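[1] Let's see this in three dimensions:
(4 chains)
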There are 2 protein chains.
Amino acid sequence: MQRHDPLQLEHFLPYRLSILSNRVSASIAREYQQQFELSMTEWRVMAVLARFDGEGLSAREVAQRTEMDKVQVSRALARLVEAGRVQRDVHGNDKRRSVLALSASGWAIHDIVAPLARAQERALLRRLDSTEVATLTRILDKLAPV
Amino acid sequence: MQRHDPLQLEHFLPYRLSILSNRVSASIAREYQQQFELSMTEWRVMAVLARFDGEGLSAREVAQRTEMDKVQVSRALARLVEAGRVQRDVHGNDKRRSVLALSASGWAIHDIVAPLARAQERALLRRLDSTEVATLTRILDKLAPV
DNA sequence: ACTTTATAGTTTCATTTGCAACTAATTGCA
DNA sequence: TGCAATTAGTTGCAAATGAAACTATAAAGT
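    Got it, this is the predicted structure:
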């Protein structure tokens, strides 16, 4: 007489995705959290600044790229600038905008953390065969287009 | 002369997983947040209690199943009990443990939210063909075994 | 030019979180 | 037994977060 129909969590995609994503992010975060006193949000901002180096991103653009909200980005940047890891200038034609870039010390951290992150990714992907990796990429393209 | 090697975020698995998972969870959360004044953590706890109905789960077991930490679970439970959505009893043989179950009003909410969550999942999976769905399941089994 | 409207980013405040310390009950072991 | 070590769950405090209000600048409309 089955009045309720609970989610079979172990087969429910949003639940499984969330668990996987949390585990993966946490395992990467463990690598840099204490060692560099770097929060996950700070690392994400740094990764975006590294990726789009030379483009002089504004805070808003960082927020778009990271899919974090602008307040979070503003605060992460404040800490990063304070710690001397990010250089912040004012845009020439628009004094509201900042022009952001990693500093030398930011790059030094980046050059240690990025390979660690990549190693974690490789460790994960090693568990899949090449067909699965290809399909996963296609799936992500379909489900979370950039 | 390539001194730095930034992550290609748009192809970096942990980044893409995190974005996908956040989008999916947020889109489900939107359905119940205001309507029931239910936080995501509260809903997760309810979903687990529903799924393992009749087993009289303790808070610790809920924490394990949700992969949330015990503090988060303790507080979510406090709110749920307060709101009359979860019934909490004391275990017969071990007075430290609580024995948890959804109340009638908790089930009523569950019976509305669970179908909404399932609908969101279907909407997502609809974008994949059946091979992709099968592969995704296999991938999740490999990467985030339960 | 002048006034409204929009945008970039920061700050404020209430809420949520995360860690460590704590209480209470149970178990292990001398 | 009896006392140390574990375990279940809660609480206190500092830090992180999110929504809305705010400041400063720029763009658009008249």
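[2] show me the contacts for the closest residue to A:L102 other than its chain neighbours.
    Ranked by CB to CB, 6 or more residues apart in numbering or on different chains and with sequence neighbours excluded, the top spatial neighbour of A:L102 is A:L49, at 5.1 Å. No exception for glycine: its C-beta is placed from N, CA and C like everyone else's. Going by CB atoms under 8 Å, 6 or more residues apart in numbering or on different chains, A:L49 touches A:57, A:62, A:86, A:100-102, A:106.
[3] what's the neighbour count on the residue in chain A that DNA strand D sits nearest to?
    Residue of chain A nearest DNA strand D, by CB to the nearest atom of the strand: A:K95 (3.5 Å). Residues lying near A:K95 (other CB atoms under 10 Å in any protein chain shown) number 8.
[4] Repeat that for A:R44.
    22.
[5] before we move on, what SS does it have?
    Put simply, A:R44 is helix when judged by DSSP: H, G, I helix; E, B strand; the rest coil.
[6] Near the nearest residue to it once chain neighbours are set aside, how many other residues are there?
    Distance criterion CB to CB, 6+ apart; nearest residue to A:R44, sequence neighbours excluded, is A:T66 at 4.8 Å. Counted with other CB under 10 Å, the neighbours of A:T66 add up to 20.
[7] OK, contacts around A:D53?
    Neighbouring residues of A:D53 by CB under 8 Å, 6+ apart: A:101-102, B:4, B:6.
[8] now swap in A:D69 and tell me
    A:A63.
[9] one step back: can you select the buried ones among the contacts of A:D53 for me in ChimeraX?
    Buried residues within the contacts of A:D53, by 16 or more other CB atoms under 10 Å in any protein chain shown, are selected in ChimeraX with:
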select /A:101,102 /B:6
